[in-house]
Structure formats: structure tokens, C-alpha cells
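1. my questions are about this predicted structure, shown below with the sequence.
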Amino acid sequence: MKFKNFRGIGIGLVAIIFASSLVFIDTVAAQTNENIKWGKCRGGECGRLTVPLDDTVVGGPTISLSLSRVKARKPNKRVGALVINPGGPGAPGAAFALNFASSLPAVIRDRFDIIGFDPRGVGDSAGVDCVDDFDALYALNWAPSTDAQRTELENGFRGLAEACGKSDGQNLPYLSTRRTARDLDLIRAALGEKRLTYLGYSYGTYLGAQYADQFPQRVRALVLDGGVDPGLESDEVGIQQAAAFENSLNLFLQDCSKNSDCLFYQNGQSAVAYDALRSRIGAVPLAVKLNGERRKLNGTLFDIAISQILYEGEQGWGTLAGALAAANDGDGEELLYYSDFYTGRLGKGKYDNLSESFFAVGCADGPTTIGVEDVRKMEAAAAIAAPRLGRSIVNNALVCAYWPAPAEPSVKLSAVGADKILVIGTHDDPATPLAWAKSLTDELGNAVLVTVAGSRHTAYASGNTCVNRVVDRYLIYAKAPKPGINC
């Protein structure tokens, strides 16, 4: 996990061509803040940068981006600034960088200023804020078994989309990843960096790929960890991600069934017991008292909790076994805690804004047209590819069927003319399959893939010394390793 555990990678991966961007971006930078004014904040420094809301219009409305910085510990050995994106879409990166800097290898902390930022439409960068309470939406069945349940779910997402149109309609057309990549170049210029050094996790790999496509000559070193395949159609993204989560769950259930010490061993029938438990909770939600509130753990929140824990891979299997065993005994508190962690529930019906930003960026990225019938077909395919989790995972695409702002058209990405880019893919990553990292490497055209053994989501700065050594050297010297490394 890099920030609240990435909530997937959106609903579509598309973008818009920006003609003559290399010249125009510098012009815009000169019109805004070439130098960021930094002030002290908890964990480092914080600052803001003004950028155009619509960078195709000179002199139009602007928004202010929130940034953070942790200065290099050894200024005499400083290489430059390392900009980090934690994933999402929708994850605030400014606070993340302040907290995450200490987790980076010492050699990176010594030589780089660590820079975080909230992308447009996220966090304190004109963050989308449609509704305060998502309880009613999560009370619906995201894996509907009847026409009535499916209609209720569709109406729930329609209501959310309408609320977002009322609250943030003026900004929603301008929140695509393609535009965020252009903000990233403004940040680079404001930091005084001739070329960008960047670390992107999960969805952040898509942002990095968008940057490399638009500004190949300005790439110094890009690390794309947990690669997203930008060439996939939106339905393929959802179905393949659902299958990856299902694979991670199956790996856990198989291991638990072979290990009598596993808390959800169930006489070697962990998978059968899991299905029975999910069926019971789906039919009759489990009463839970958490933080003084009396609530219900339904099938939707059950699936969300499972996905949340799976992000940690094998390191989270003990937690998952304990939570399932407790729920099997009638105690759903732990699973509800993890679903709250994922959904950003703050208590008493209050939520953070990450979900709204996730939907806003995902729908802005496309596909350009999506209807309810398209999502129903995706749901049917996901039910085959991932019978346990698939429908709950892909049905968040429903919101885009009602979204009040158009998506941007897609373009094929490449990084022709860029220096070598480093892509990292983990063999059993639950959220971004290894096949995506392989495809991303091929599509960029000038990238090197490092594969990693394991089942957690993303690899760098997570305890794998082999990965850390390869990435550290690449970031410091901007020299990519030879192909074929497997950590």
C-alpha cells in the first residue's frame, strides 16, 4: 500500500492530444508561478502553484494546486527533485509525500527533494466534493442478483452523478489525466528542474506514461511501479483487474486450506466456507457495533473489505484469515473497519473526498461513451472471470453512464524520444496484473521491465532489497538496467 491502498485505476484509460504542448506549457508557466513559495508544515514544507483550468485558453480561469516538499538530507549530494504520485486516481499526493518520505531508501532521501502534489480535482487542488454521506450508496447491492437490486444500484449512481454535476460541474470537464500530466510539467518548471524525475505507483504509472507521451524530451527518469496498460479498452481494464483480485483471493484460500494454523482453515475447506459466509452476509447483513455506531456489514462492504486487505498480498493473509474467522463467528467489526478504511468513511456518515475524485478523473478519462447496457455486459463478463469479486469491482463504472461531463477521446501513447523509462510489475499483483506492466513497457517503446516475485500491490520501498537497489541506481544516475531483471 502506498496511500490508503490504491482504489484501482479508474474506469477507462483515454486521453486527448495536446498540439504544440512543448511550447505552450512554458508560456503558461511564465503566466503563473514560476517559483513556488514554500512554508513550513507538519513533516516538511507546503506550497501552492496556480495553473490554468483549461490550458487551451490563455487568460482563462485558474485553479491552485497543493504541493509538499521534504528537502534532501545531504544538499551537497543533491541530484534534484523526485515527484511522487501514490496512485488512485483521486489519492492526494501532498500529504502522502510528507508521510512517505521516511519510507524511501536512505540514499534517495539524501539526494532528492521529495515532492508530492494533489492532482487537479483531488484533495486541496480544487478537490471534487459532491456529497458528504456515501452510506446509502454502499448499502446497495453492488453484485445484484435481481432486476430490482440492479435498478436500485443504477439509480444510486445516477443520483451521485447528478450531485457531482451540481457541486463541481464547472470543473468536471477538465480533470483528465492528460491535463494532469501537463500540470506535472508546470510543477517541473516551477521546481527549476530541466527534466522530470518521477515515481508513480499504480494509476500513477498511467500519469507518468501520459507525461512521457506529451513531453518525451523532458523525461530524466520515470519509475512506473504497478504498471497500467494504456492500450486496453475500459471493459477489459475492469474485467482484468477483477480477475487479478480474484486470483489473489484464490491464492489465499488455497494456502489457508493447506495450513491448519490458518485462522480460517475450516477443516481444509476455506474456499467453501468463504462462499458460504459471503452468501449469508449477502442475504442477511451482519449487525456490527464499531466506534459507537450500530451498523450493518452487507455483501458490498464485505467485498470491499476483502479487496482492501488483498492489496497487501501475502503479508495481509493473516489479517484476512482472522477477519473472516471473526465474521464467521458473527463478529464483522474487523471487516467493517477495513471497508471503512477503503471507502474513506470518517464516522457517522461522513466521508473523505477520495471516492468522488476517483469517479471524476475516471469518467474524464473515458470511455467517451458508456451506457448502462455496456456496464451490464461488463458485469456479466466479470462474473465469469471473477465469480467471487468481479461484479462488485466493475459496477463502480455505472457512475460514468450518468456522468454530467464528457470524457476526452483516446490516443495511443508512446515515449518516442524519451530516455529509458523503468517499469515494475509484480507477478501476482492484485490490482495491476503483470501483463499490464509488460504491455506498458512495449507501448512506451523505450522502457525496461523489472519483474518482481510476490502478491502485493507495487514493490519499490516495500522491503524488497533487489527492487530498491535497481530503482535507487536508476533514479540517481538516470541509467536504466539491462532487460530481464527478476527480483
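-> Structure's in. What do you need? Bear in mind the structure is a predicted one, so any value in this text is a computation, not a measurement.
2. show me which positions of the longest helix along the chain end up buried.
-> If you go by DSSP state H, the chain has its longest helix at helix 234-258. By neighbour count with 16 or more other C-beta atoms under 10 Å, helix 234-258 contains the buried residues 234-235, 237-249, 251-253, 256-257. (Glycine included, C-beta is placed from N, CA and C.)
3. and for stretch 52-63?
-> Within stretch 52-63, the residues that count as buried by 16+ other C-beta under 10 Å are 52-53, 55, 62-63.
4. can I get it as PDB, trimmed to CA atoms?
-> The C-alpha trace of stretch 52-63 is given here as PDB (Å, rounded to 0.1, in the frame of the first residue of the first chain):
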ATOM      1  CA  PRO A  52      -5.000  27.100 -15.800                       C
ATOM      2  CA  LEU A  53      -8.200  25.200 -15.500                       C
ATOM      3  CA  ASP A  54      -8.300  24.900 -19.300                       C
ATOM      4  CA  ASP A  55      -4.800  25.200 -20.700                       C
ATOM      5  CA  THR A  56      -6.000  25.600 -24.200                       C
ATOM      6  CA  VAL A  57      -7.400  29.000 -23.300                       C
ATOM      7  CA  VAL A  58      -5.000  31.800 -22.500                       C
ATOM      8  CA  GLY A  59      -6.200  34.000 -19.700                       C
ATOM      9  CA  GLY A  60      -9.000  31.700 -18.600                       C
ATOM     10  CA  PRO A  61      -9.900  30.500 -15.100                       C
ATOM     11  CA  THR A  62      -7.200  29.000 -12.900                       C
ATOM     12  CA  ILE A  63      -7.000  26.600 -10.000                       C
END
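5. what mean pLDDT does that stretch have?
-> Stretch 52-63 carries an average pLDDT of 93.
6. how many residues are close by the closest residue to A244 other than its chain neighbours?
-> In this structure, A244 finds its nearest non-sequential neighbour in P433, 4.5 Å apart by C-beta to C-beta, 6 or more residues apart in numbering. By the measure other C-beta atoms under 10 Å, the count of residues near P433 is 24.
7. could you do D147 as well?
-> Neighbour count of D147, defined by other C-beta under 10 Å: 8.
8. again with the one 5 residues further on
-> Other residues within reach of E152 by the criterion other C-beta under 10 Å amount to 14.
9. one more: P404?
-> Counted with other C-beta under 10 Å, residues neighbouring P404 total 15.
10. is it correct that it falls within a helix?
-> No: using DSSP: H, G, I helix; E, B strand; the rest coil, the secondary structure at P404 is coil, not a helix.
11. okay but it is in contact with A161, surely?
-> Yes: judged on C-beta atoms under 8 Å, P404 makes contact with A161 at a distance of 6.1 Å.
12. which of the three states applies to the residue nearest the centre of the chain?
-> Nearest residue to the geometric centre of the chain (C-alpha atoms, centre = their mean): G88, 2.2 Å. Secondary structure for G88, judged by three-state DSSP, is coil.
13. for the closest residue to G417 other than its chain neighbours, give me its contacts.
-> Excluding the flanking residues, the one nearest G417 by C-beta to C-beta, 6+ apart is P216, at 3.9 Å. Going by C-beta atoms under 8 Å, 6 or more residues apart in numbering, P216 touches 415-418.
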